[in-house]
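Novice: Sequence and computational prediction follow.
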Amino acid sequence: MTTRLERITGQRLDSLNRIRAQGINPYPNSYHPSHTIKEAAALFEQQGEFSQAIQLAGRVTAKRKMGKMAFLDIRDGSGKLQFCFRYHVLGQEKYDLLKEVDIGDIIGAEGRLFRTKTGEITLQVSDFTMLCKALQPLPEKWHGLVDVEKRYRQRYLDLIANEETKTIFVLRSRLITAIRDFLNKQGFIEVETPVLQAQAGGALARPFITHHLALDEDSYLRIALELHLKRLVIGGFDKVYEIGRVFRNEGISIKHNPEFTLLECYQAYSDYNDMMNLVEGMTSQIAQEVLGTTEIEFAGNKINLSPRWQRVTLREAIEKATRQGDKPGIDFEQYPDAESLLKAAAKLAGAAFGGKVLELGDKPSRGKVIDTLISTFVEPKLIQPTFLLDYPTEMSPLAKRKPGAEHLVERFEAFINGVEIANAFTELNDPVEQRERFRRQLKERIGDEEVEIADEDFLQALEYGMPPTGGLGIGIDRLIMLLTSQNSLREVILFPQLRTR
């Protein structure tokens, strides 16, 4: 027994054969529209009437036939327009060919624009051409594809069916362009660094491993851009950035995708204070430029992106977020080792904090416990743009110590609406201390797959001298998720990672 989809596909194949039987190529090599639909409609509005013949092309999204007249809705990459087909204009042969045009087909048409009695701008078609015969039907109610799994797996259908999806990705492109423009005007140089690396460094993450056949060596997909960009600062590029894909072999969630787009930039003769100014200045400017405002709304929260953003030390934020009534919260400086801090953190679970569970794994390091306290108790409360400042040294092996507080480093993470969007350091440029930091972390986190491995080539480069430098990383996908008011990264990544069927 054939399914409904098989019957429709069969009917479309029959239509394809009938078209070919008339000597018509249903897949011609080219067609050259004179305007986009948006351009044509704008010209018509400006001129009041538009007497010259034009050529438009696009996909059929609706079809209404009334005797010897038919109306088709056609959509191209810029918008939608109604096309009018009349028997007395096209003639018998051409009008009969219209019977073979199905929703989803792509056609080109020539004609003149006019306005219908209902006020709709319409193309009066004098001739049309089949440009592509679609053998699969568009989803039912093509304008409302709501099957989330299908939307992500078949993004092309989502883009055809949901105009708001296309809008999100147009905004994504414009926002990334605005970021580039901002940095270029600040004197930064855009570069490209290797995706395949002999060693994955620059972050705490589990890498993807592949094998290079010609060299007969294992390689790693990069987990960060940092170490190669800092090599370039050492080489004399004082302001450098890259927007590129990085790969981390970890879980998938609404905030995580195994491959994502990362911006990293490094500025010589600066520190993490300069990076804070860069983040808030860039974010507010691109929002104003692309969205027309520095105030956005997300999940009912009105968020103001204008400088100056709130600045809070990590120590203060955790202590405040973990208070229970009159009892003070956790001051991590009072717990110098992982065991004592873990005991204090364990007491927070349960009814006092809404039944929150601390996911720490076996034998977590002190840094891991602090990171879990941040994600569990602090992050959800950071709705307005906020910089968390000054992290423990063991959490940031690539950051420089804070003067007067040797157990802390000059590092911040930026949060908006409970989501981390940026991470920045005053970069460590002491090669002796950098080597020792790597050695100590490797010793303390034996068996941990998320550990910073010493990169000997980078350490050697550091010995040639790197000026005081501020470094910044921004998760582009997360930033765009916030600026477009989406609840999931999958809504702003064209082809998110999914389990193979």
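Specialist: That came through fine.

Novice: element containing the residue lying closest to Leu229 once chain neighbours are set aside, please.
Specialist: Residue nearest to Leu229 in three dimensions, not counting chain neighbours: Tyr266, with 5.2 Å by CB to CB, 6 or more residues apart in numbering. In short, each C-beta sits where N, CA and C put it, glycine included. Taking DSSP states H and E as the definition, one finds Tyr266 inside strand 259-268.

Novice: tell me how far that strand is from the chain's mean position?
Specialist: Offset of strand 259-268 from its chain centre (CA atoms, centre = their mean, to the nearest Å): 14 Å.

Novice: Pairing partners for that strand, with directions?
Specialist: When pairing is defined by DSSP bridges, strand 259-268 lines up against strand 239-247 (antiparallel), strand 469-475 (antiparallel).

Novice: Pick the most buried one from the ones you listed.
Specialist: strand 469-475 (a mean of 24; mean count of other CB atoms under 10 Å).

Novice: From Ser340, how far out is the nearest residue to Arg86 once chain neighbours are set aside?
Specialist: Spatial nearest neighbour of Arg86, chain neighbours left out: Met69 (5.3 Å); criterion: CB to CB, 6+ apart. Distance from Met69 to Ser340, counting by CB to CB, to the nearest Å: 82 Å.

Novice: Kindly report the same for Ile54.
Specialist: Applying CB to CB, the value for Ile54 to Ser340 is 76 Å.

Novice: And what about His228, helix, strand or coil?
Specialist: With DSSP: H, G, I helix; E, B strand; the rest coil as the basis, His228 sits in helix.

Novice: can you tell me how far the residue nearest to it when sequence neighbours are not counted sits from Val240?
Specialist: Nearest residue to His228 in three dimensions, chain neighbours excluded: Thr193, at 3.8 Å (CB to CB, 6+ apart). Distance from Thr193 to Val240, counting by CB to CB: 10 Å.

Novice: swap in Lys363?
Specialist: Counting by CB to CB - Lys363 and Val240 are separated by 39 Å.

Novice: Kindly report the same for Phe71.
Specialist: 55 Å.

Novice: Kindly export stretch 278-296 (C-alpha atoms) in PDB.
Specialist: Output in PDB follows, covering the C-alpha atoms of stretch 278-296 (Å, rounded to 0.1, in the frame of the first residue of the first chain):
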ATOM      1  CA  LEU A 278      35.800  46.500  24.600                       C
ATOM      2  CA  VAL A 279      33.000  44.000  25.400                       C
ATOM      3  CA  GLU A 280      30.400  46.500  26.600                       C
ATOM      4  CA  GLY A 281      31.200  49.000  23.900                       C
ATOM      5  CA  MET A 282      31.100  46.400  21.100                       C
ATOM      6  CA  THR A 283      27.900  44.700  22.300                       C
ATOM      7  CA  SER A 284      26.000  47.900  22.700                       C
ATOM      8  CA  GLN A 285      27.200  49.300  19.400                       C
ATOM      9  CA  ILE A 286      26.300  46.200  17.300                       C
ATOM     10  CA  ALA A 287      22.900  46.000  18.900                       C
ATOM     11  CA  GLN A 288      22.200  49.600  18.100                       C
ATOM     12  CA  GLU A 289      23.500  49.200  14.600                       C
ATOM     13  CA  VAL A 290      21.600  46.000  13.700                       C
ATOM     14  CA  LEU A 291      18.600  46.000  16.000                       C
ATOM     15  CA  GLY A 292      18.200  49.700  16.300                       C
ATOM     16  CA  THR A 293      18.200  49.700  20.100                       C
ATOM     17  CA  THR A 294      20.500  48.800  23.100                       C
ATOM     18  CA  GLU A 295      17.500  47.600  25.000                       C
ATOM     19  CA  ILE A 296      16.300  44.000  24.400                       C
END
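
Novice: Any regions of the stretch 401-501 of the chain where pLDDT drops low?
Specialist: Along the stretch 401-501 of the chain, segments meeting pLDDT under 70 span 444-453.

Novice: List the residues that contact the residue nearest to Leu229.
Specialist: Leu229, Lys230, Leu232, Val233, Lys239, Val240, Tyr241, Glu427, Thr469, Gly470, Gly471, Leu472 (CB atoms under 8 Å, 6 or more residues apart in numbering).

Novice: For it, name its beta-bridge partners.
Specialist: Taking DSSP bridges as the rule, Tyr266 bridges to Val240, Gly471.

Novice: isn't Gln441 right next to Ser396, touching?
Specialist: No. Gln441 lies out of contact with Ser396 (CB atoms under 8 Å); the separation is 10.1 Å.

Novice: Against Val378, how distant is the closest residue to Glu333 other than its chain neighbours?
Specialist: Once flanking residues are discounted, Glu333 sits nearest to Arg315: 6.3 Å by CB to CB, 6+ apart. Arg315 sits 11 Å away from Val378, going by CB to CB.

Novice: likewise Gln285?
Specialist: Using CB to CB, Gln285 is found at 27 Å from Val378.
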